[in-house]
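Participant: whatever this is, show me its structure:
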Amino acid sequence: MKKLIFTSVLILGALTTYGQTVADGLLYGQQGSYGTARFRGMSGAFGALGGDLTAVGANPAGSVVFANHFASASLNFTNNQTDSSFNGTFSEDNDNDFTLNQAGFVLVYENQKEDATITKFSFGLNYDDTRNYDNQLFIAGSNNISISEYFLNFASGVTLENFQLLPDESVSGLYRFLGEDQGFGSQQGFLGYQSYVIDPVDDSDPLGSQYISNTGTGTFNQQLSQNSSGYQTKLSFNGAIEVKDRLSIGFNINAHYIDYQRSTSFYEQNNNGALVDLVRFNNDLDVQSSGISLQVGAIAKVTDEIRIGASYASPTWYEVEESISQSILARRNDGSGGTITEIIDPDVITIFAPYNLRTPGSITGSFAYIFGKKGLISIDYSSKNYASLLFKPRNDAFFAANNQQIKQELTRSGTLRIGGEYRVKNWSIRAGYRSEESPYKNKDIMSDLTGYSLGLGYTWGKTTLDISYDRAERDFSQQLFDAGLTSSAGVNNIQNNIIATVGFNF
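Facilitator: Below is the predicted model:
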């Protein structure tokens, strides 16, 4: 059956579980490990170096460091291992993915005039996958809080007549009407009522607005399966100049795009002797977003050995569009020893009104020491204030609450990157370390990230081949739902990447 499509013009607690939350704003505002094999082999410590196309996205002045025209493309293999612990039960899941994660070129021109102030200039274009969303998460365990609490949270205060079908109404029609007229919260109450997961305190009073659970009390065996896919990309349009062979200055205009899908299936079963003993609740979220940001940077050659760099990346201004589809299955006792399985599938895609999101900007300071033709060591330190994350329009009550929560929970985060390279004839050996502080004041919500990298490169003169491996690990807390059933699982995520880059000098 073709799905009905409509626009929800009123958002009441709107996507309090599946979008427009602080956690999702943070998800869109953070970058993962990305770039060419050389860049990642040194853990991204390139702010004072340049000479790499992904490094141009870190410090725009880096493009004019190239000795000649250059182009490269990179292929990335990612393994995501996600382990969870929920009330003493441990689960594990893995996801593997191949992507063409980088492609670009730079054109470099030397000024042939003697004693010229501007000795070189460059133009470049580079594409990077800045975040890969492909991942699988599985949480399982016993709990004393039921999914019915989620539906009760949204149903409370909504009159029963809003959930009851008239003789000429369908489930799809009423679900759609509630979204248009009252918002996402009423739709959740409707799903809970129509599936018999909740019932009114007084089913003879159409104006009653209080409800009770039909899943009873006791122990609930619960599972949450979450499959995420998609990517976050950055396309950088670059220009840079070199002044007197000593100072490089560059500028980027960046176009950003997010394509993100998340399918969540929650399962609950109980032996409490309640009316309803089994529930499966499915949600499919789709996010499409485009944005723009600016960058400016400089690299100074203090001596033949010492380089220092500085760069500023503006906030990214996104316009975000989100849609969701839902269904629920519940099994209940028919009163005569049998069971009835109720499936409520509105077959409707709810399209939410677009909103604006401003993600934090950053500043970076860099230092590098060049050991002639033998190698180098490089250090970058970046600072980003996640408390400046902002949902708009500000006068929307829901977004105002989000923005207040951001100020209370998020903080400034620093990232340290250290990388080194050693050259032996045509070979290059690389290693790196990365430490990224949690964006949360409470690190129990999300811990600091720690990463390591190794790399190997070979040059044939005009052609280069680089391979790298990097690993990053972080712990975080995952709530089952953001309302009603707010129990959390502890999650450990380890991401392993293998990257191969082919480069061409021309």
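
Participant: quick one: low-confidence ranges for this structure?
Facilitator: 1-19 (pLDDT under 70).

Participant: how is it carved up into domains?
Facilitator: Annotated domains of the chain cover 4-147+215-505, 148-214 [automatic domain parsing].

Participant: and those domains as CSV, adding mean neighbour count?
Facilitator: (C-beta placed from N, C-alpha, C; glycine too.) Formatted as CSV, the domains of the chain follow (neighbours: other Cβ atoms under 10 Å):
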stretch, mean neighbour count
domain 4-147+215-505, 19
domain 148-214, 19
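
Participant: which residue ranges of the stretch 151-300 of the chain form helices?
Facilitator: 171-181, 184-194 (DSSP state H, counting those that start in this stretch).

Participant: can you lay out these as JSON lines showing distance to residue 361?
Facilitator: Output for the helices of the stretch 151-300 of the chain, formatted as JSON lines (distance: least, Cβ to Cβ, whole Å):
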{"stretch": "helix 171-181", "distance to residue 361": "35"}
{"stretch": "helix 184-194", "distance to residue 361": "31"}
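
Participant: nearest to residue 123, out of those?
Facilitator: Proximity to residue 123 (Cβ to Cβ) singles out helix 184-194 among the helices of the stretch 151-300 of the chain, at 46.5 Å.

Participant: now do that closest one: distance to the chain's middle.
Facilitator: Helix 184-194 sits 28 Å away from the centroid of its parent chain (Cα atoms, centre = their mean, to the nearest Å).

Participant: how about stretch 71-78?
Facilitator: Taking mean C-alpha positions (Cα atoms, centre = their mean), stretch 71-78 and its chain are 20 Å apart.

Participant: and stretch 242-256, C-alpha only, in CSV?
Facilitator: This file holds the C-alpha atoms of stretch 242-256, laid out as CSV (Å, rounded to 0.1, in the frame of the first residue of the first chain):
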residue,chain,number,x,y,z
GLU,A,242,52.0,32.3,0.2
VAL,A,243,53.6,35.5,1.3
LYS,A,244,57.4,35.9,0.9
ASP,A,245,58.0,32.1,1.2
ARG,A,246,57.2,32.4,5.0
LEU,A,247,53.5,32.9,5.6
SER,A,248,50.6,31.0,4.1
ILE,A,249,47.0,32.2,4.4
GLY,A,250,44.0,30.3,3.3
PHE,A,251,40.2,30.4,3.2
ASN,A,252,37.5,27.8,2.8
ILE,A,253,33.8,27.9,2.0
ASN,A,254,32.4,24.5,3.2
ALA,A,255,29.1,22.9,2.1
HIS,A,256,27.8,20.2,4.5
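
Participant: which residue ranges of the stretch 351-500 of the chain form helices?
Facilitator: Under DSSP H, counting those that start in this stretch, the stretch 351-500 of the chain gives helices at 397-409.

Participant: pull out the CA atoms of stretch 188-198 and give them to me as PDB.
Facilitator: The C-alpha trace of stretch 188-198 is given here as PDB (Å, rounded to 0.1, in the frame of the first residue of the first chain):
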ATOM      1  CA  GLN A 188       2.000   8.200  20.800                       C
ATOM      2  CA  GLY A 189      -0.900   8.100  23.200                       C
ATOM      3  CA  PHE A 190      -3.100   7.000  20.300                       C
ATOM      4  CA  LEU A 191      -0.800   4.100  19.500                       C
ATOM      5  CA  GLY A 192      -0.700   2.900  23.100                       C
ATOM      6  CA  TYR A 193      -4.500   3.000  23.400                       C
ATOM      7  CA  GLN A 194      -5.300   1.400  20.100                       C
ATOM      8  CA  SER A 195      -2.900  -1.500  20.800                       C
ATOM      9  CA  TYR A 196      -4.400  -2.000  24.300                       C
ATOM     10  CA  VAL A 197      -1.100  -1.300  26.000                       C
ATOM     11  CA  ILE A 198      -2.900   1.400  28.000                       C
END
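
Participant: from residue 380, how far off is the closest residue to residue 377 other than its chain neighbours?
Facilitator: With sequence-adjacent residues excluded and distances taken as Cβ to Cβ, 6 or more residues apart in numbering, residue 377 is closest to residue 420, at 4.6 Å. For residue 420, the distance to residue 380 equals 13 Å [Cβ to Cβ, to the nearest Å].

Participant: same deal with residue 204?
Facilitator: 68 Å.

Participant: just residue 335 next, same as before
Facilitator: In terms of Cβ to Cβ, residue 335 sits 68 Å off from residue 380.

Participant: name the residue most distant from the centre of this structure?
Facilitator: residue 114 (49.7 Å; Cα atoms, centre = their mean).

Participant: now do the strands in the stretch 1-150 of the chain.
Facilitator: With strands called from DSSP state E, counting those that start in this stretch, the stretch 1-150 of the chain shows them at 4-8, 70-86, 89-110, 118-132, 135-143.
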